[in-house]
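In: mind folding the following:
(2 chains)
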Amino acid sequence: MNIVVIGLGEVGRHLLSVLDKEGHDIVAVDTSAKAVQYAEEHFDVASMVGYGASETLLKVAGVARADLVAAVTNHDEMNLIAALASKQLGAKHVVARVQGTAWSEWTEGIRYGLLGVDVVINPRVLVAQELSRIARSYGASDVVDLAQDRVELVQIDLEESRVLNKPLSSIEMPPHTLVSAVVRDGELFVPGGADVLVKGDRVYLIGRPEGVLAAERLFSKEREARRVCIVGGGVVGKALARELLQQGATVLLIESDLQTAEEISAEFQAIEVVHGDGTDGNLLEEQEVGSYDLFAAVTRQDEINLMAALLAQRAGCKRTATIVQRADYATIYRQLGVDIVLSPRTVASDQILRFSRGGGLHSLTVLEDGQAEVVELTASAKCRAVNKPLHRMNLPRGSLLAAIVHGDDVIIPRGKDVVHPGDRVILMTTKDARATVERLFRPRGE
Amino acid sequence: MSSKSRDLRGVIRPVGAVVLGIGVMMALCAGVGMLWDRFAPNPTRPQGGAAALALSAIIVSAIGMTAFLYGRRFVSERISRREALLAVSLIWFAAGACGAIPFILGADMPVADSFFEAVSGLTTTGATVVTDIEGRLSRPLLLWRSLIQWLGGMGIVVLFVAVFPNLGAGGKHLFRGEVPGISAEGLRPRIAETSFTLWKLYAALTLIEIALLKLLGLDLFDAVCHAFTTMSTGGFSTLDSSIGGFNRPAVEYVVACFMLIGSVNYGLYYGLLRTGSWKHLVRNIEFRSYVAIVLVSVFLLTLLNLEVHRELLTSFRYSFFMVATTISSTGYGTDDYSAYGSAALTIVILLMFVGGCSGSTAGGIKVERAVLMGKQAVAQIQKSFRPATVQLVRMGKATISSQVLADVASFFLIYMGCIAFGLLYVTLVEGVPMPTAFGAMLTCLSNMGPAPFHVGPDNFAGYSAASKLFFALAMLLGRLEFFTLFALVLPGFWRR
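Out: Purely as a prediction, here's the structure:
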């Protein structure tokens, strides 16, 4: 597939690393010669230095023949113009990222066909939405909605609970849910009935939302967050506050810039806005952050987020969440004790990567640094997997058919269930099983 | 492995893979040679050789397989720059050593001679130590001799990168180790596809030449061997008297044209095929300069050679071939330049220095570097009286960065340094006259083949074994354009 990536910041580099491994023909563009040199050095891509929205440059970069153009620079308007120009020059799919405060009134994180750009994503809003889903969950550290909110995938880090130290088959799972993957010591695997969960494992549960909520109750002692403290009133903070208010939560927002704080206070009358420094321990004590169910540090600066989360934890807050721009820091954050670490970069690239696969993926979620992924696609009448029961589908080891959406019905399949043409299926595959699964669900002759 | 030096054992596997590949090529060559002898025998040539080739194939494949399997435990996720440089160097030395085995086993040649012959082939130099080619080398061995030249022409590492597409950015480092400088890189976004495209173009041009030579009445064997060594601008021939031995003007013109074609940047051909317009080719500064150099030299040489050849057309025929064979660093002979006047000989020497275009199979300094050095010199002189003006060196529309210019300048310095050192060595050890030593060094470093100012028969048979190895090293340095091999000599390369 021919892919042009414009902008080689955090998102761009992450895209390159994944796309390069998948073996696409990639042209990487950035205005900074240094960024281009970095890409040249580390990835097998062609590269160009130049202004990404320039027509001449786009022509030379070959967007006319491109299957995907991803405009992910730090300048929203440049991204939109580049995407728009590429579309006009004949690119098949164009995706633009926007993120600045100018776009903060966005309530959805993703828009299709905006101004003629196929997909415009606002990773900051997407992250805020994910955070709000986590807040709503019972102790999950990540929540992904699939199949238009009809299926939910949640990540739970296991502490003491009733499900530990016994075979999975003896756990009475709520209806329409299943344990799709377990991560132990950083290694992800698809568990069987005989596997035993131990403390410190991370599990991925999948199923219908109501079932998943019941399962969360089983796997975790935490309950949903009714009182949330947010540090940072930027795009993420505002979007998060908006979502949480809709859920009926009590929100306290700490913002260091007086003007922004006042603006937020004017916009959301139901929330309490505090003007102050989120990394000021005294301020956090004063505000009794220890009494909040969730503390979310979502400023633009990684250092502030980390310090604020750690301080809140010391002040007694049970669950802390941060966003991190540099996704490679996420592991360290978790080691330091931050419960929930989300990266707008990963969220953005997940949205873009699904176009690189072809075959019309509705969504793609990368788990555990690419060890596994969850894909959502419509089963075509021409693929090998349809019209036969699951046990005869020959799904490879390390893969799982997690859900079938048949009309309005969501089925968590067992051996006898059948995928009908036109059904939406949700599949989880490990890295090794991916190729085989793709073959099963790719229309024949493609 | 001491703690202070780097762990570079990741190179064992790729080197093993290439050696294994060479073994397979050898087996193929043995098979084809045997069939050829069976179904189209040529009693005028020495017989046999296929068995020796097959035996060499077994030995080489076994070595390659062992290294390939043993190297599995050291495989690194991505080949680093250092590993790439080391791998490319090792691959070339190993290929030279492996390529020599059939000559040792099949033609009873001494080890140093065989290594010289194999390296001369791989580096597309085309200098030989075999005094009686027609009487000494059987057809399977001649085929092998031409084949290694063909493989070395576009590059064994480039072929390796084309065959193993999963090397990622590591493939890029490997590619650059073999094809440094400003080159055909970037035809396609992925380096494996670039390599594959280059090889496809190369193979297609070779096939066309085989067909043309066959049409002109050459024996298929001669057509294949000469096409292999023309496209690679190598210059090995199956005849003692080289292309001149056919004494057919048409053959000479075809071969000359393909030598010229082979020394143009292959990226330009790709551009031509992809866009279907001649624009890229015609507007390319390097190509223009190259054509200009060819035209002027042919014109001058034709005039100067009227003294020797009398007739205008004859003079043109020999001069055209001489220019083509020299600028492309092929080294086929139709004419004896020891009979040339000083001016004509100077032109030949200068052409030998310059060589073909970058991104081609030709050797030498390369037209692009020569042009850049000229422009840089002009810019520097201008600076002496207009210091405030911005002086950028341009190639067409592109501005050349000072980094690249520094690269070109240091290349030239290293080149001249190598010639100087070589002169010293050869005159000291071999006691030959200075011009002879100079000719030998120049021909090796520019991968040309025949040595000007040579006394006695025009080949390297007369030198000592040590000097043959020295010349082989010079050819490798020239082929890999110095940086790759010299990097290994610096202690910093091995340190952590």
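In: dump the strand or helix carrying B:Phe175 to CSV, restricted to CA.
Out: In the assignment (DSSP states H and E), B:Phe175 maps to helix B:169-178. Output in CSV follows, covering the C-alpha atoms of helix B:169-178 (Å, rounded to 0.1, in the frame of the first residue of the first chain):
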residue,chain,number,x,y,z
ALA,B,169,16.1,0.3,7.8
GLY,B,170,19.0,-2.2,8.2
GLY,B,171,18.7,-3.0,4.5
LYS,B,172,19.2,0.7,3.8
HIS,B,173,22.4,0.7,5.8
LEU,B,174,23.6,-2.3,3.9
PHE,B,175,22.7,-0.8,0.5
ARG,B,176,24.6,2.4,1.5
GLY,B,177,27.6,0.3,2.5
GLU,B,178,27.9,-1.0,-1.0
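In: in the stretch 201-350 of chain B, what residue lies closest to chain A?
Out: B:Arg274 (10.7 Å; Cβ to the nearest Cβ). Heads up, the C-betas are built off the backbone N, CA and C, glycines and all.
In: sorry, that was for chain B
Out: For chain B, Cβ to the nearest Cβ, closest residue to chain A: B:Pro189, 3.9 Å.
In: what about that residue, distance to B:Thr197?
Out: 11 Å (Cβ to Cβ, to the nearest Å).
In: the more surrounded of those two?
Out: Each of B:Pro189 and B:Thr197 has its neighbours counted (other Cβ atoms under 10 Å in any protein chain shown); B:Pro189 has more, 23 against 20.
In: ok, the more buried one - contacts?
Out: A:Asn2, A:Asp25, A:Ile26, A:Val27, A:Asp44, A:Val45, A:Ala46 (Cβ atoms under 8 Å, 6 or more residues apart in numbering or on different chains).
In: what mean pLDDT would you report for the host helix or strand of B:Ala409?
Out: Using DSSP H and E, B:Ala409 maps to helix B:402-430. Mean pLDDT, computed over helix B:402-430, is 92.
In: tell me the pLDDT of the residue of the stretch 201-350 of chain B closest to chain A.
Out: Reported pLDDT for B:Arg274: 82.
In: so it is in which element?
Out: Short version, using DSSP H and E: B:Arg274 is in helix B:266-275.
In: find the nearest non-adjacent residue to residue 76, please.
Out: Using chain A here. Nearest residue to A:Asp76, sequence neighbours excluded (Cβ to Cβ, 6 or more residues apart in numbering or on different chains): A:Val98, at 4.2 Å.
In: my bad, the chain I had in mind was chain B
Out: Spatial nearest neighbour of B:Ser76, chain neighbours left out: B:Gly10 (3.9 Å); criterion: Cβ to Cβ, 6+ apart.
In: do the helix holding B:Phe175 and chain A come into contact?
Out: Yes - applying Cβ under 8 Å from any Cβ of the partner chain, one finds helix B:169-178 touching chain A at B:Ala169, B:Gly171, B:Lys172.
In: so the second one makes contact with B:Ala162?
Out: No - applying Cβ atoms under 8 Å as the test, B:Gly171 and B:Ala162 come out as separate, 9.1 Å apart.
In: who has more neighbours, those two?
Out: B:Gly171 (26 against 22).
In: residues contacting the residue nearest to A:Asn394 when sequence neighbours are not counted?
Out: Distance criterion Cβ to Cβ, 6+ apart; nearest residue to A:Asn394, sequence neighbours excluded, is A:Leu440 at 7.2 Å. Neighbour list for A:Leu440: A:Cys383, A:Arg384, A:Ala385, A:Met393, A:Asn394, A:Leu395 [criterion: Cβ under 8 Å, 6+ apart].
In: what about the second one, neighbour count?
Out: A:Arg384 is flanked by 15 other residues according to other Cβ under 10 Å.
In: from the chain's centre, how far out does the helix holding B:Arg274 sit?
Out: Centroid displacement of helix B:266-275 relative to its chain, using Cα atoms, centre = their mean, to the nearest Å, is 22 Å.
In: next one: stretch B:146-153
Out: Relative to the centre of its chain, stretch B:146-153 is centred 9 Å away, using Cα atoms, centre = their mean.
In: what kind of secondary structure is the spatially most central residue of chain B in?
Out: By Cα atoms, centre = their mean, chain B has its centre lying nearest to B:Thr124, at 3.3 Å. Classification of B:Thr124 by DSSP: H, G, I helix; E, B strand; the rest coil places it in coil.
In: can you check the pLDDT for the residue nearest to it when sequence neighbours are not counted?
Out: Leaving out its chain neighbours, the residue that sits closest to B:Thr124 by Cβ to Cβ, 6+ apart is B:Gly234, at 3.8 Å. pLDDT for B:Gly234: 89.
In: name the SS class of B:Gly234, please.
Out: coil.
In: ok, now which ones touch it?
Out: Contact analysis of B:Gly234 by Cβ under 8 Å, 6+ apart lists B:121, B:124-126, B:146, B:149-150, B:152-153, B:228, B:330-331, B:449.
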